[in-house]
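# What follows is a predicted structure for the sequence shown.
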Amino acid sequence: MSEVKIFDTTLRDGEQSPGVTLIPEEKLAIARQLAKMKVNVIEAGFPISSPGDFEAVKLVAENVSGVEVAALARCRKADIDRAWEAVKNAENPRLHVFIASSPIHLKYKLKLTQAEVLEKAVAAVEYAAKYTENIEFSAEDASRSEIDFLAELFNAVIAAGAKVINIPDTVGYAVPGEFGSLIKEIKAKTPLIEQAEISVHCHNDLGLAVANSLAALENGATQVEVSVNGIGERAGNAALEEIVMALYTRQDYYDLTITQDTTQIARLSKLVASSTGISLQANKAIVGANAFAHEAGIHQDGVIKERTTYEIMDAKTIGLDHNKLVLGKHSGRHALKDFLDKYDYQLDEASFASFFSRFKELADKKKNISQADIIALLDDQLYEYQKTYELEYISVLTGKILLPTATVRLKKEGEIIQSAACNGDGPIDAIFQTINELTGIDEIKLISYKIDAVTEGRDALGEAYVAAEIAGKVYTGHSSQTDITEASAVAYLEAINKYLVYTSK
Ligand SMILES: CC(=O)SCCNC(=O)CCNC(=O)[C@H](O)C(C)(C)COP(=O)(O)OP(=O)(O)OC[C@H]1O[C@@H](n2cnc3c(N)ncnc32)[C@H](O)[C@@H]1OP(=O)(O)O
Ligand SMILES: CC(C)C(=O)C(=O)O
Ligand SMILES: [Mg+2]
């Protein structure tokens, strides 16, 4: 079994994503997390590109251990000098020199012949070899290059001292079978290839970066260049988390080993998303919000009975606490029952059947059903028609120079009770204090209170949510009214009424 080396280029190619700039401290934080995950190589930047990038590469090189740190350079002495200056103090520094090899790049961009490119490449590698033996050479746009020239180029730079030969699919043009064959052919046509490691660097323009990288690994590549969350130039690079988890999960298929700590993936992904501002689509493989979430009833039922029915990976292996069963329109009875069991609600068969239909009605109307929505729905059903206290009248006086004062009139089992002029820290507090006085239940701890606008405009409906702890148990209440003071009072009373029903049982 051969080991696959993970070369992470989040801080170089990843940073080339349009709109992304990482300050040196951000690069250092990401590099530390990459080292914690035990990637083999961190490409920290392209030092000639700016003083800030030079500083960043230097900072990473001097402060991150246990990993090789690489810096990129064109085939120019000034680039190589700058790259070495930035990276030289790393525990294990690497110089990465590159030049394009495809006819399109030679003709239009570099305006060089193949012989001139070969000469520049060899001269650059020889120059880099003054500094270090750890030299990687990349033939940019390799997948659109003539294979015989590519093999000749690689052979020459290996002879000049390159220890890693990188074969990039720079513009994401290759398809897996073809890219795998390219690696095989390069191996066959490059006499000195055994003296170097073969690396690949795939872009995702056709969504094939990971597939192409894996095809390359099956055909003799042993280093794969990746970026966290797949960020990078245009459609990005092969995603680190996808490559690592493919190799980890399919050990039964690949004759390859990796040495990374997969449990660092979730944290790393979040750090990169927040530092770069590139958020993840929900269905992003491995690290998207839905990657370990199930909403479909049949799947939820399967996962409850045996997780592996619908999961090929355990959420814990990437550092998450657990998977998620999301209750929604497509959920079934098993998932709902599982939720109720978790919260220790016991419903008889008839109540459960009625609750399930009410849940489906709600799910048809509401896209995102939260845990609080389900508990409120359940509470509604459990405590229906048992309202000890009802709101008759409410008035609140408040203002910049007024002490907030509430007057509340309640009906208790047909009888009117009233209390006035309770002050509070604000109008809502004044209402709640007055209700406490009227009901005589004053050991109420407000756990949460919020008002949401349900509709738009000046006459918008406000929905008040209250969660209150009374005698060690939490009761919830909610109410929608155009008057938010009224909505708050009714929601608060609902929580109290539920407590009274509970304690009278
Ligand atoms: C496939 C990749 O991801 S390659 C890495 C791409 N990353 C970046 O370009 C990000 C950082 N780049 C930069 O900051 C700038 O482009 C710099 C500082 C490197 C260079 O800036 P400038 O000197 O203004 O040149 P500019 O970027 O406009 O043009 C590139 C020049 O490098 C030449 N060049 C391109 N690649 C190479 C190479 N591998 N070796 C030698 N020369 C090269 C081009 O032919 C062009 O030369 P010319 O000025 O003689 O025409
Ligand atoms: C510098 C090289 C490796 C590159 O990023 C590419 O070819 O995509
Ligand atoms: Mg690239």
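Looks like it arrived, so ask away. Ligands and ions are numbered 1, 2, ... in the order given.

# going forward, measure contacts and count neighbours with C-alpha atoms only.
OK.

# ok, which stretches of the stretch 151-300 of the chain are helices?
Remark: helices assigned in the stretch 151-300 of the chain by DSSP state H, counting those that start in this stretch are 176-189, 209-218, 240-249, 265-276, 297-305.

# and residue 16, which of the ones you listed is closest to it?
Minimum separation from residue 16 across the helices of the stretch 151-300 of the chain (C-alpha to C-alpha) falls at helix 265-276, 10.7 Å.

# what sits up against the closest one?
15, 20-22, 26, 30, 33-34, 37, 228-229, 241, 278-280, 287, 318-320 (C-alpha atoms under 8 Å, 6 or more residues apart in numbering).

# and with 6 Å instead?
Contacts with helix 265-276, where a contact means C-alpha atoms under 6 Å, 6 or more residues apart in numbering, come from 20, 279, 318, 319.

# What's the biggest helix in this structure, counting residues?
helix 484-504 (DSSP state H).

# Next one, pLDDT for the residue of the chain positioned farthest from its centre please.
Relative to the centre of the chain, and counting by C-alpha atoms, centre = their mean, the farthest-placed residue is residue 415 at 56.2 Å. What the model reports as pLDDT for residue 415 is 87.

# contacting residues around it?
No contacts exist for residue 415 under C-alpha under 6 Å, 6+ apart.

# Name the residues of this protein found near ligand 2, please.
13, 98, 138, 140, 141, 168, 170 (C-alpha under 6 Å from any ligand atom).

# Of all pairs in those, which one spans the longest distance?
13 and 141 (14.5 Å).

# how close does the residue farthest from the centre of the chain get to ligand 1?
Counting by C-alpha to the nearest ligand atom, to the nearest Å, the gap from residue 415 to ligand 1 is 78 Å.

# give me the beta-bridge partners of that residue?
residue 412 (DSSP bridges).

# can you check the one 4 residues further on too?
Beta-bridge partners of residue 419, counted by DSSP bridges, are residue 408.

# Distance of it relative to ligand 1?
72 Å.

# Could you do residue 195 as well?
23 Å.

# Tell me, what's the model's pLDDT at that residue?
98.

# what do you get for residue 329?
Looking at residue 329, the pLDDT reads 93.

# Tell me, how many residues neighbour residue 463?
By the criterion of other C-alpha atoms under 10 Å, residue 463 has 21 neighbours.

# secondary structure class for it?
Recorded secondary structure, residue 463: strand (DSSP: H, G, I helix; E, B strand; the rest coil).

# Number the chain from 7, please
Taking 7 as the first residue, the last one we looked at is residue 469.

# Surely it and residue 458 touch.
Yes. Using C-alpha atoms under 6 Å, residue 469 is in contact with residue 458, at 5.1 Å.

# Tell me which of the helices of the stretch 157-306 of the chain is the most buried.
Ranked by mean neighbour count, the helices of the stretch 157-306 of the chain are led by helix 215-224 with a mean of 24 (mean count of other C-alpha atoms under 10 Å).

# now it, how far from the chain's geometric center?
23 Å (C-alpha atoms, centre = their mean, to the nearest Å).

# ok, and what's touching it?
By C-alpha under 6 Å, 6+ apart, helix 215-224 touches 182, 186, 208, 209, 244.

# As TSV, these with pLDDT and distance to residue 252 would be great.
Listed next are the contacts of helix 215-224 as TSV, based on pLDDT from 0 to 100; distance: C-alpha to C-alpha, whole Å:
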residue	pLDDT	distance to residue 252
182	98	15
186	98	17
208	99	16
209	98	17
244	99	12
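
# of those, closest to ligand 1?
Set against ligand 1, the nearest of the contacts of helix 215-224 by C-alpha to the nearest ligand atom is residue 209 (9.7 Å).

# Relative to residue 185, how far out is that closest one?
Note on residue 209: its distance to residue 185, by C-alpha to C-alpha, to the nearest Å, is 12 Å.

# ok, back up a step: residue 351: which of the helices of the stretch 157-306 of the chain is closest?
helix 303-311 (17.8 Å).

# Run through the neighbouring helices and strands of the following helix or strand past the closest one.
Per DSSP states H and E, helix 303-311 leads on to strand 330-331 as the next helix or strand towards the C-terminus. When contacts are defined as 3 or more C-alpha pairs under 6 Å, 6 or more residues apart in numbering; DSSP states H and E, strand 330-331 sits against strand 299-300.

# partners of the strand it packs on in the sheet?
strand 330-331 (parallel).

# What lies in contact with the strand it pairs with?
With C-alpha under 6 Å, 6+ apart, strand 330-331 has contacts from 299, 300.

# tell me the mean pLDDT over that strand?
Averaged across strand 330-331, pLDDT comes to 94.

# Can you show me the helices along the stretch 7-156 of the chain?
Using DSSP H, counting those that start in this stretch, helices in the stretch 7-156 of the chain cover 30-42, 57-69, 83-93, 109-110, 120-134, 153-166.

# Relative to ligand 2, how far out is residue 483?
57 Å.

# Now do the contacts for that residue.
For residue 483, the contact set (C-alpha under 6 Å, 6+ apart) comprises 471, 472, 497, 498, 500, 501.

# what number of residues lie near the last one?
Residues lying near residue 501 (other C-alpha under 10 Å) number 22.

# That one contacts residue 482, correct?
Yes. Using C-alpha under 6 Å, residue 501 makes contact with residue 482 at a distance of 4.9 Å.

# Any chance of the contacts of residue 483 in CSV with pLDDT and distance to residue 298 as columns?
Shown next, in CSV, are those (pLDDT from 0 to 100; distance: C-alpha to C-alpha, whole Å):
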residue, pLDDT, distance to residue 298
471, 88, 30
472, 91, 31
497, 93, 35
498, 95, 36
500, 90, 36
501, 91, 34
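
# Cool, thanks, talk later.
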